[in-house]
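*Asks:* Could you work out the structure for the sequence below:
(one chain, ligands or ions: 1)
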Amino acid sequence: MGISTVSTSLFSTLKNKIEQRQARVAIIGLGYVGLPLALLYSQEKVRVTGFDIDERKIKTLATGGTYIVRIPVEEIAQAQKQGFEATSDYSRLTEMDAIIICVPTPLNEYHEPDLSYITDTAKSIAPYLRAGHLVILESTTYPGTTEEVLVPILEKGNKHGLKAARSSEDQQGFYVAFSPEREDPGNTTVARKDIPKVVGGLDTQASELSAALYGTIFNRVVPVSSPAAAEMTKLLENIYRCVNIALVNELKLLSLRMGIDIWEVIAAASTKPFGFHPFYPGPGLGGHCIPVDPFYLSWKAKEWDFHTRFIELAGEINSNMPYHVLESVVKALNQHKKALNGARILVLGVAYKRDIDDLRESPALTIIELLQKDGAQVSYNDPYFPTVGKGRKYDLQMTCAPLENLGQYDCALIVTDHSDYDYARIVKESQLVVDTRNATKGIKSDKIVHC
Ligand SMILES: NC(=O)c1ccc[n+]([C@@H]2O[C@H](COP(=O)([O-])OP(=O)(O)OC[C@H]3O[C@@H](n4cnc5c(N)ncnc54)[C@H](O)[C@@H]3O)[C@@H](O)[C@H]2O)c1
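*Replies:* Residues are numbered from 1 along each chain as shown. Modelled structure (predicted):
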């Protein structure tokens, strides 16, 4: 049998398997991205195996449990009926046809990309790679990561000396692509399958296979010419948000000084049927993406002797917002002839955005730390977090305070506008309310201070 027959058959065998929904899919990293993705494949009757190094997650799933609030146990049970299981045993990758990587990509303490989760994962995959495997990276990262970081580790670490296919002439290697994740936690207006999926393969075979694989769960796949183009697409999307949020945050600060209601202005501008997309000010950026991802690009840009000034400026404005909140609380208390030192403050909402159970990079944590540093006695309430313990950057060790006897606090500070809260009651029962989200819109009271 000639090489080309062998390779054509590797490609077409996998393509056929994918199209027949017979391909076995591995998802590495069962977090906020990986677990929902695994469930989506299971819903479409594709057999998925999840891989994670967190034994607690494996155990929870094995016992039919869930660790993401918005994913009910019934969904896990349904997926298990379709063969979904979770393991930490990488040797089981030999059973798989496609491997999708959804591991974290945070920043290190110097605000630089921390690719250690990707490199560790690649080192764990490499020994089990075989010809014809399809490997797709989904973790958000700078352009070049797939080709310059992932592929060399996979090529170096596999036992058979396999190479990634870089053109359709390469017919005996493995296939590699990048496809960014576009999930918007808490957003119930767009079904996950209706969010178009961008894919960029290292060669046309990888693009075609990835498009087929995602085509089983997404209604539209958008192929781009390379992994780097797909990596840059994700960063453009997030930088666009980051810069526009910084713009409205800056305009909010000016509007407060000028006595103009920025929320009213944004609502009015939003009536323009073209050329305007609303973004909203807040207490600072949160979540795994917007405060982190832009700095992946600014770091990489330096290699090209290029300074990404929009990203730096937006970062400066957005990261200053928690300090603005602190100042606003100080001023509001001052109006009541009180000092922050010793004041009892109730922070309402610690999740980084409304109605989700995600604390990562939440501005609430920075705000709590700033308030405590200045001597305030801080409590918090959040229906999604009975406790706040130790995170990557903080160690608060706090327990959720009940939403009662609000008059005991000198100030209720609305940081996250969860829809469960009864804001009219909160205003009625509190001595003073500082609102960072316009959650008290429409409530008339001189106790409310917008910030
Ligand atoms: N959360 C979002 O809304 C979102 C949206 C778009 C993109 N992303 C990107 O997706 C990626 C994953 O984000 P997430 O929110 O799912 O993170 P997460 O922290 O919720 O989950 C990551 C999972 O990977 C596991 N993991 C870490 N190292 C591993 C290894 N070597 N082998 C196996 N498992 C390992 C962790 O235990 C964890 O369960 C990140 O790059 C993020 O920027 C996230």
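
*Asks:* do stretch 153-165 and the ligand meet at all?
*Replies:* No. Judged by Cβ under 6 Å from any ligand atom, stretch 153-165 stays clear of the ligand, getting no closer than 12.1 Å. C-beta here means a position set from N, CA and C on the backbone, and glycine is covered the same way.

*Asks:* Could you list the residues in contact with that stretch?
*Replies:* Residues from elsewhere that reach stretch 153-165, judged by Cβ atoms under 8 Å, 6 or more residues apart in numbering: 119, 122-123, 125-127, 129-131, 135, 151, 170-176, 202-203, 205-206.

*Asks:* Which residue comes closest to the residue in the chain positioned nearest to the ligand once chain neighbours are left out?
*Replies:* For the chain, the residue positioned closest to the ligand under Cβ to the nearest ligand atom is Gly31, at a distance of 1.7 Å. Of all residues not flanking Gly31 in the chain, Cys102 sits nearest, at 6.7 Å (Cβ to Cβ, 6 or more residues apart in numbering).

*Asks:* ok, which residues in the stretch 201-350 of the chain are in contact with the ligand?
*Replies:* So the stretch 201-350 of the chain meets the ligand at His288, Cys289 (Cβ under 6 Å from any ligand atom).

*Asks:* what about the strands in the stretch 201-350 of the chain?
*Replies:* Remark: strands assigned in the stretch 201-350 of the chain by DSSP state E, counting those that start in this stretch are 221-224, 344-348.

*Asks:* looking at those, which is buried most?
*Replies:* strand 344-348 (a mean of 23; mean count of other Cβ atoms under 10 Å).

*Asks:* per-residue confidence averaged over that one?
*Replies:* Here strand 344-348 scores 98 as its mean pLDDT.

*Asks:* again with stretch 423-435
*Replies:* Per-residue scores along stretch 423-435 average to 98.

*Asks:* dump the residue contacts of the residue of the chain closest to the ligand.
*Replies:* So Gly31 contacts Asp52, Cys102, Val103, Pro104 (Cβ under 8 Å, 6+ apart).

*Asks:* Filter the contacts of stretch 153-165 down to the ones in helices?
*Replies:* Counting by DSSP state H, the contacts of stretch 153-165 place Thr119, Ala122, Lys123, Ile125, Val151, Gln205, Ala206 in helices.

*Asks:* Compare these and tell me which is most surrounded.
*Replies:* Ala206 (28 neighbours; other Cβ atoms under 10 Å).

*Asks:* What does the pLDDT read for that one?
*Replies:* So Ala206 comes in at 98 (pLDDT).

*Asks:* How about His111?
*Replies:* For His111, the predicted pLDDT is 86.

*Asks:* Isn't it up against Pro294?
*Replies:* No. Using Cβ atoms under 8 Å, His111 makes no contact with Pro294, being 10.6 Å away.

*Asks:* In terms of neighbours, single out the busier of those two.
*Replies:* Pro294 (25 against 11).

*Asks:* dump the residue contacts of the more buried one.
*Replies:* Contacts of Pro294 (Cβ under 8 Å, 6+ apart): Leu235, Asn238, Ile239, Cys242, Thr308, Ile311, Ala314, Gly315.

*Asks:* For Pro180, see how far away the residue nearest to Gly31 is.
*Replies:* Distance check for Cys102 against Pro180: by Cβ to Cβ, to the nearest Å, it reads 11 Å.

*Asks:* Equivalent analysis for Leu285, please.
*Replies:* For Leu285, the distance to Pro180 (Cβ to Cβ) stands at 19 Å.

*Asks:* Name the residue in these two with the higher neighbour count.
*Replies:* Neighbours were counted for Leu285 and for Pro180 using other Cβ under 10 Å; Leu285 has more, 27 against 22.

*Asks:* what's the nearest residue to that one if we skip its chain neighbours?
*Replies:* Per Cβ to Cβ, 6+ apart, closest to Leu285 is Pro291, 4.1 Å.

*Asks:* Give me the neighbour count for the one you found.
*Replies:* Neighbours of Pro291 (other Cβ under 10 Å): 22.

*Asks:* next one: Gln20
*Replies:* Neighbours of Gln20 using other Cβ under 10 Å come to 8.

*Asks:* ok, now Tyr110?
*Replies:* 7.

*Asks:* Roughly how far does it sit from Gly83?
*Replies:* The separation that Tyr110 has from Gly83, given Cβ to Cβ, amounts to 43 Å.

*Asks:* Then Glu138?
*Replies:* For Glu138, the distance to Gly83 - Cβ to Cβ - is 21 Å.

*Asks:* These two - which one has more neighbours?
*Replies:* Ranked by neighbour count (other Cβ under 10 Å), Glu138 and Gly83 place Glu138 first, with 26 against 13.

*Asks:* Quick check: the more buried one touching Tyr32?
*Replies:* No. The pair Glu138 / Tyr32 is not scored as a contact, 11.7 Å apart, by Cβ under 8 Å.

*Asks:* quick one on the thing from earlier: how about the strands of the stretch 201-350 of the chain, which one is nearest Ile260?
*Replies:* The closest of those to Ile260 is strand 344-348. By Cβ to Cβ, the value is 25.2 Å.

*Asks:* Okay, the most centrally placed residue in the chain and Tyr128: tell me how far apart.
*Replies:* In the chain, the residue lying closest to the centroid (Cα atoms, centre = their mean) is His288, at 4.1 Å. Computed as Cβ to Cβ, the His288 to Tyr128 distance reads 28 Å.

*Asks:* mind showing which ranges of this protein have poor pLDDT?
*Replies:* By pLDDT under 70, the low-scoring segments of the chain are 1-8.

*Asks:* Tell me where it has helices.
*Replies:* Taking DSSP H as the test, the helices found in the chain are 3-19, 34-43, 55-62, 73-81, 116-125, 145, 151-157, 204-215, 227-258, 262-269, 293-303, 309-335, 363-373, 423-429.

*Asks:* OK, contacts around Pro281?
*Replies:* Contacts of Pro281 (Cβ under 8 Å, 6+ apart): Ile245, Val248, Asn249, Leu251, Lys252, Ile262, Met321.

*Asks:* so where do the strands sit in the stretch 51-200 of the chain?
*Replies:* So, for the stretch 51-200 of the chain - with DSSP E, counting those that start in this stretch - the strands run 85-87, 98-101, 134-137, 175-178, 197-201.

*Asks:* How about residues contacting the first one?
*Replies:* Contact partners of strand 85-87, identified using Cβ under 8 Å, 6+ apart, comprise Leu30, Thr49, Gly50, Phe51, Asp52, Lys57, Ile58, Leu61, Ala62.

*Asks:* can you list the residues of the stretch 1-150 of the chain near the ligand?
*Replies:* 28-34, 51-54, 57, 102-105, 117, 120-121, 124, 138-140.

*Asks:* Now a PyMOL select for only the buried ones of these.
*Replies:* Applied in PyMOL, the following selects the buried portion of those according to 16 or more other Cβ atoms under 10 Å:
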select buried, resi 28+29+30+31+32+33+34+51+52+53+57+102+103+104+105+117+121+124+138+139+140
